[in-house]
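Colleague: coords below, sequence missing:
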């Protein structure tokens, strides 16, 4: 299974995928490209470290969605990598029909909440402020509805008495780093 990763930030989830690949836990999946909408994103440095092509793609003209010329550039770059799976790992843009249709049924996203609760930005903060007893993360298929696609898997932690937002965030990120490679490995087995 050929995997492309899209991300906007430091790339800790992308790194977890690449470490799992290096350790042989993704025996039937291989990351073939990393793309970012931010020219200085840490995720791009993973390319050199793990010998995977990585590049910035100009997302203009919009700041929070992938549409128009930016969408066209992303579609062309991702199609050139011939992916079987497109993984959104901290990609902070809303995908529009052009991209969704180009890779229909091949896009998954990692979201830091137990969907369908707390979709959108700041899922961990939303859950923490609401006072939930359990929080976690979800890997789901991507559709036009933001964080609304079919749930593929979830991982949860009990919110501890006296938990801080920072400690909960760290525990959920640790879950993400296990869950996302596990889902990719499982999907590659049915490929």
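Modeller: Here it is on my side, so go on. Quick caveat, the model's predicted, so the values are computed rather than measured.
Colleague: the bottom helix or strand of the chain by mean pLDDT?
Modeller: Counting by mean pLDDT, DSSP states H and E, the chain has its least confident helix or strand at strand 65-66, which shows a mean of 90.
Colleague: counting contacts, what elements does the top helix by length along the chain pack onto?
Modeller: The longest helix of the chain (DSSP state H) is helix 165-190. Applying 3 or more C-beta pairs under 8 Å, 6 or more residues apart in numbering; DSSP states H and E, one finds that helix 165-190 makes contact with helix 12-22, strand 85-88, strand 107-111, helix 123-130, strand 134-141, strand 151-158. For glycine as for every other residue, the C-beta is placed from the backbone atoms N, C-alpha and C.
Colleague: which outside residues touch the first one?
Modeller: Same thing as helix 12-22. In this structure, residues lying in contact with helix 12-22 by C-beta atoms under 8 Å, 6 or more residues apart in numbering are 3, 5, 7, 26, 29-31, 34, 43, 46, 49-50, 52, 87, 89-90, 110, 173, 176-178, 180-181, 184-185.
Colleague: Can you list the strands that the following helix or strand past it pairs with?
Modeller: Per DSSP states H and E, helix 12-22 leads on to strand 30-36 as the next helix or strand towards the C-terminus. Strand pairing for strand 30-36, using DSSP bridges, gives strand 2-7 (parallel), strand 54-56 (parallel).
Colleague: As CSV, the ones you listed with mean neighbour count, mean pLDDT and distance to residue 135 would be great.
Modeller: Putting the strands paired with strand 30-36 into CSV (neighbours: other C-beta atoms under 10 Å; pLDDT from 0 to 100; distance: least, C-beta to C-beta, whole Å) gives the following:
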stretch, mean neighbour count, mean pLDDT, distance to residue 135
strand 2-7, 26, 98, 22
strand 54-56, 17, 97, 31
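Colleague: Which among these is found nearest to residue 64?
Modeller: Closest to residue 64 of those, according to C-beta to C-beta: strand 2-7, at 14.6 Å.
Colleague: Can you pull out the low-pLDDT segments for this structure?
Modeller: Under the criterion pLDDT under 70, the flagged ranges of the chain are 191.
Colleague: Any idea which residue is closest to the centre of it?
Modeller: Nearest to the geometric centre of the chain sits residue 89, at 2.1 Å (C-alpha atoms, centre = their mean).
Colleague: and the nearest residue to it once chain neighbours are set aside, how far is that from residue 161?
Modeller: In space, and not counting its chain neighbours, residue 89 is closest to residue 13: 3.9 Å by C-beta to C-beta, 6 or more residues apart in numbering. Separation of residue 13 from residue 161 (C-beta to C-beta, to the nearest Å): 28 Å.
Colleague: neighbour-wise, which of these two wins?
Modeller: residue 13 (25 against 5; other C-beta atoms under 10 Å).
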